[in-house]
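Colleague: Got a sequence here, can you build the structure:
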Amino acid sequence: MLSIVSGDRFRFLINRFRQRLWVKPLAICLLSIVGGFFAKIADGTELGQIVPTITVESIETLLSVMAASMLVIATFAVASMVSAYASASSTATPRSFAVVVADDVSQNALSTFIGAFIYSIVALTAVKNNYFETAGRFTLFVQTVVVFAIVIFSFVHWVDRIARLGRLGTAINKVEEATAEALKRRRDAPVLHGVPAGPQPAEGQAVFAAKVGYVQHVDIAALQAWAEKAQGRVAVAALPGTFASPGRALAYLNAPQGEGTETYCEQVAQAFLIGRERLFDDDPRFGLVVLSQIAGRALSPAVNDPGTAIDVIGTLVRLFVMWSASAAAGDAATPAYDRVEVPELSVRDMFDDAFTAIARDGAGTVEVSARLQKAFHALALTGDVAMRDAALHHGRLALARAEMALDLADDLAVVRESANFAEAAASRETQPDRSVNRS
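Modeller: Numbering: from 1, shown residues only. Prediction:
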């Protein structure tokens, strides 16, 4: 069994817990219970001789008001959050639900309301049973005032956020943030700190998944540990986002002859976490797909919102420019996992994920087609050869689709002009500089 839990796997598991609505409320509830009894410690000090006396009735009144109001506010918060989540899923795409539900402000607000309710119940019960003396009552009073202040601040901050959470623009921004984070991690480690895979197809004993689903995470550290133990090598064949099926190999093993190959395959397969759906964490292409789906829904006849599609195109250009800006940083000269071969992401595949559906659905809309050509022009000039080739390829495809979909000659002329400008600019980028310095 592979028992190693690497830092990367730990990060992945922590992100899964962040998307569970019950985690933060549970933690705050435990903290509130501890805080309620923390005031008792003050009774063992000389604080009671210094602080003013706080009556039991005043504390009971404050705690009663808090107990009565916090449960109502928490219920209202849950209803508002569910409504915002449903709105985000219906106006954007259901695939955006994971990043919307992980909103820290909403989770913190809900945790604060529930935690304040639990705190008030525990503290009120202790006060009514004369659990505290002078110093303890004063400390509890101060704690209650602080909790009130935190609740008010959280409520005001949360109301501003929940008003925006279900809007389409917020969903796009959150998907962009999640995609950018995944792209940065892959940009800084294009082969996941392993060894780049060769141009030839991998060879060796194929490892297949025990269940059908999407590869959500690959524990490269665990694969390295197995390879060192078995004195072999592993060639990863399924990156996060790959659909795993009985005929789709996850990896290929090269181990000394005569070893327990079947046992090795089972151990290596455990390093591939497979689930029912794709996740944003280690799958940058999924974020591009989700953004493309948002644009596709906006371009549907039922919605007819080309402005959203244009906004998504701008978002995609921003992400690809970020990807190419520091692509040279890459992995360190000495890979951390020298026995694991990992393929790099294909820029052409990333362009397919991002732009194919938009070019198809927006071919009959002149403003979308023209903006696509301008986007390809911008990406062709980033200085990345692979990105330039992909941009020119998709520019030609988008122009061909527009020529088939646009009926008005003037509209088609606008798209062709944008496409020709992009082609000419990209061609100038590939030509050597023959200008003469006449100074």
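Colleague: The residue sitting furthest away from the middle of the chain: what's it in contact with?
Modeller: Most distant residue from the mean C-alpha position of the chain: residue 49, 53.6 Å away (Cα atoms, centre = their mean). Contact criterion Cβ atoms under 8 Å, 6 or more residues apart in numbering gives no residues in contact with residue 49. All C-beta spots, glycine's among them, are computed from the backbone N, C-alpha and C.
Colleague: what about it, distance to residue 134?
Modeller: For residue 49, the distance to residue 134 equals 8 Å [Cβ to Cβ, to the nearest Å].
Colleague: ok, now residue 181?
Modeller: Residue 181 is 51 Å from residue 134, where distance means Cβ to Cβ.
Colleague: what's the closest non-adjacent residue to residue 245?
Modeller: Nearest residue to residue 245, sequence neighbours excluded (Cβ to Cβ, 6 or more residues apart in numbering): residue 212, at 5.4 Å.
Colleague: Tell me the pLDDT of the residue farthest from the centre of the chain.
Modeller: In this model, residue 49 is scored at 73, pLDDT.
Colleague: List the buried residues of stretch 194-208.
Modeller: With burial defined by 16 or more other Cβ atoms under 10 Å, the residues of stretch 194-208 counted as buried are 194-195, 197, 202, 204-207.
Colleague: Kindly apply the preceding question to stretch 311-318 instead.
Modeller: Residues of stretch 311-318 classed as buried: 311-313, 315-317 (neighbour count, 16+ other Cβ under 10 Å).
Colleague: Looking at these, which is nearest residue 239?
Modeller: Nearest to residue 239 out of those is residue 316 (Cβ to Cβ; 20.3 Å).
Colleague: The closest residue in space to the closest one that isn't next to it in sequence - how many residues pack around it?
Modeller: In space, and not counting its chain neighbours, residue 316 is closest to residue 354: 4.9 Å by Cβ to Cβ, 6+ apart. Using other Cβ atoms under 10 Å, residue 354 has 28 neighbouring residues.
Colleague: ok, now residue 296?
Modeller: For residue 296, the neighbour count with other Cβ under 10 Å is 18.
Colleague: now the one 4 residues further on
Modeller: Here the neighbour count serves as a burial measure; for residue 300 (other Cβ under 10 Å) it reads 10.
Colleague: could you list every residue that touches it?
Modeller: Going by Cβ under 8 Å, 6+ apart, residue 300 touches residue 361.
Colleague: Can you name the next helix or strand after whatever helix or strand residue 71 lives in?
Modeller: For residue 71, the element it lies in under DSSP states H and E is helix 56-91. Next helix or strand after helix 56-91 toward the C-terminus (DSSP H and E): helix 97-101.
Colleague: quick check: mean pLDDT across the next helix or strand after that following helix?
Modeller: The element immediately downstream of helix 97-101 (helix or strand, assigned by DSSP H and E) is helix 104-128. Across helix 104-128, the average pLDDT comes to 85.
Colleague: Measure how helix 104-128 sits relative to helix 56-91, angle-wise.
Modeller: Angle of helix 104-128 versus helix 56-91, following axes from the mean of the first three to the mean of the last three Cα atoms, to 10 degrees, is 160 degrees.
Colleague: Tell me the helices and strands packed up against helix 104-128.
Modeller: Other elements packing on helix 104-128 under the criterion 3 or more Cβ pairs under 8 Å, 6 or more residues apart in numbering; DSSP states H and E are helix 23-42, helix 56-91, helix 134-165.
Colleague: Now do that helix against helix 134-165, angle only.
Modeller: Relative orientation of helix 104-128 versus helix 134-165 (the same axes, to 10 degrees): 150 degrees.
Colleague: Which one of the buried residues of stretch 194-208 is nearest to residue 166?
Modeller: For those, the nearest to residue 166 is residue 194 (40.8 Å; Cβ to Cβ).
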